[in-house]
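**Student:** when you get a sec, could you give me coordinates for this:
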Amino acid sequence: MILGRERLDAAPVACAGLLVIGDPHVSSRRPGRRKDPDWPAPVLAKLEHCVALANDRDLAPVLLGDLFERPVEPDESLKSRLIRILKGFRHRPLANVGNHDIRHTRLSDGDSLAMLAVSDVLDVVPESGPAALYRLGGTRLGLGATPFGQAIPSDVRGLFPQADDPSARTVWLTHHDLAFGAGYPGAVPPAAIPGCALAINGHVHRRHPPLRVGETLWFNPGNITRGSIDLIAHVPAVFVLSGDLSLAEERLPFTADVFDLTGRQVAADPSPEAIGRIESAFVSLLQAETTTDLARSDDGALIREEIEAKFSRDETPEPVRAAIRSLMEAAVAKRSG
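**Tutor:** Next comes the predicted model:
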């Protein structure tokens, strides 16, 4: 269903923990450099693995947003396959709303995610606020969520029933441009949220280490689907959230060699330090674009020329060039979309 207060008015969902699932990006359209012979079988297989894991350990699944790659998925057979998978969860999944899930600023009836919600395949949080209550052993957990494009609350104290219960904890889901490391222009650093012990963000594709800001621990687990070359070193995983708010990584089955690297030379296993340097360099170039006439080019042609010129001036190694070009294409696609 599309949630109002239904889950808050009901008894807390009793379970052993939550299964936190990063953005799946289900789509019948294979990402540009993926070379899988059967797409989207790898994505669906990961979700099937999530069902088996959740049911075996009595975990309630929560999705961080971008269940779909496009707001309207045209392949009806794919949607049927996805519905069968989601109905396999013992506890009904709860999903935040990502930017890829919506055509407009809010979830609407024309979006595929809304169709799944009104069909009672999963529960969707359309507006920022408290969403559900869980009982994880001796912990009473209030779960809130803020969809993409909506304001993350600055204080969540007193938003859930029995907030003064000493066993009560609050966890918040977000789907935002947050600067955990080198952020895109416009990305904002995570902020402390009084009353919120843990905040988990979708949207940012790569995993980042937990970051404590005041009383709030922020975590960005990254996508379960690697759609672009800049994620070549990313290991798809979900996380089990326990009553003590600890997060345990559970790696998903995946194939390492899934990208067509024709014309590209990308390090097979770049170090975190190298990835950080690549991101920093790319972010610097994007920031330069936003303050110059380069921003006039909707298709990114001018910034591409500037990047290639900088490569030549600096004699940039080819693996770094390939990673930055991939980030560039993703940024241009995001802007045009």
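**Student:** quick one: the closest residue to residue 192 other than its chain neighbours from residue 323, how far?
**Tutor:** If the residues on either side of it in the chain are set aside, residue 192 comes closest to residue 214, at 2.8 Å by CB to CB, 6 or more residues apart in numbering. All C-beta spots, glycine's among them, are computed from the backbone N, C-alpha and C. Note on residue 214: its distance to residue 323, by CB to CB, to the nearest Å, is 33 Å.
**Student:** just residue 37 next, same as before
**Tutor:** 26 Å.
**Student:** neighbour count winner among these two?
**Tutor:** residue 323 (27 against 6; other CB atoms under 10 Å).
**Student:** low-confidence regions, the stretch 1-150 of the chain specifically.
**Tutor:** 1, 3, 5 (pLDDT under 70).
**Student:** let's see that with 90 instead.
**Tutor:** Residues of the stretch 1-150 of the chain meeting the criterion pLDDT under 90: 1-11, 31-33.
**Student:** likewise the stretch 151-300 of the chain?
**Tutor:** In the stretch 151-300 of the chain (pLDDT under 90), the answer is 161-167, 180-187, 206, 227-233, 256-300.
**Student:** returning to that earlier point: so who does the residue nearest to residue 192 touch?
**Tutor:** 191, 192, 193, 194 (CB atoms under 8 Å, 6 or more residues apart in numbering).
**Student:** got these as TSV, with secondary structure columns?
**Tutor:** TSV is the format used below for the contacts of residue 214 (DSSP: H, G, I helix; E, B strand; the rest coil):
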residue	secondary structure
191	coil
192	coil
193	coil
194	coil
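**Student:** could you flag which of the residues you listed are buried?
**Tutor:** residue 193 (16 or more other CB atoms under 10 Å).
**Student:** between the contacts of residue 214, which sits nearest residue 317?
**Tutor:** residue 191 (36.4 Å; CB to CB).
**Student:** which non-adjacent residue is nearest the residue nearest in space to the middle of the chain?
**Tutor:** Central residue of the chain (CA atoms, centre = their mean): residue 202, 2.8 Å from the mean position. When the adjacent residues along the chain are set aside, residue 202 lies closest to residue 64, with 3.0 Å between them (CB to CB, 6+ apart).
**Student:** how much space between that neighbour and residue 98?
**Tutor:** Residue 64 is 7 Å from residue 98, by CB to CB.
**Student:** anything in contact with each of these two?
**Tutor:** 23, 175, 202, 203.
**Student:** in a markdown table, list the residues you listed along with distance to residue 309 and secondary structure.
**Tutor:** Shown next, in a markdown table, are those (distance: CB to CB, whole Å; DSSP: H, G, I helix; E, B strand; the rest coil):
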| residue | distance to residue 309 | secondary structure |
| --- | --- | --- |
| 23 | 34 | coil |
| 175 | 35 | strand |
| 202 | 35 | strand |
| 203 | 31 | coil |
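**Student:** mind picking the two most distant members of those?
**Tutor:** Maximum distance among the shared contacts of residue 64 and residue 98 (CB to CB): 8.1 Å, for 23 and 175.
**Student:** so the residue nearest to the centre of the chain sits against residue 98, correct?
**Tutor:** Yes. Residue 202 lies in contact with residue 98 (CB atoms under 8 Å); the separation is 6.0 Å.
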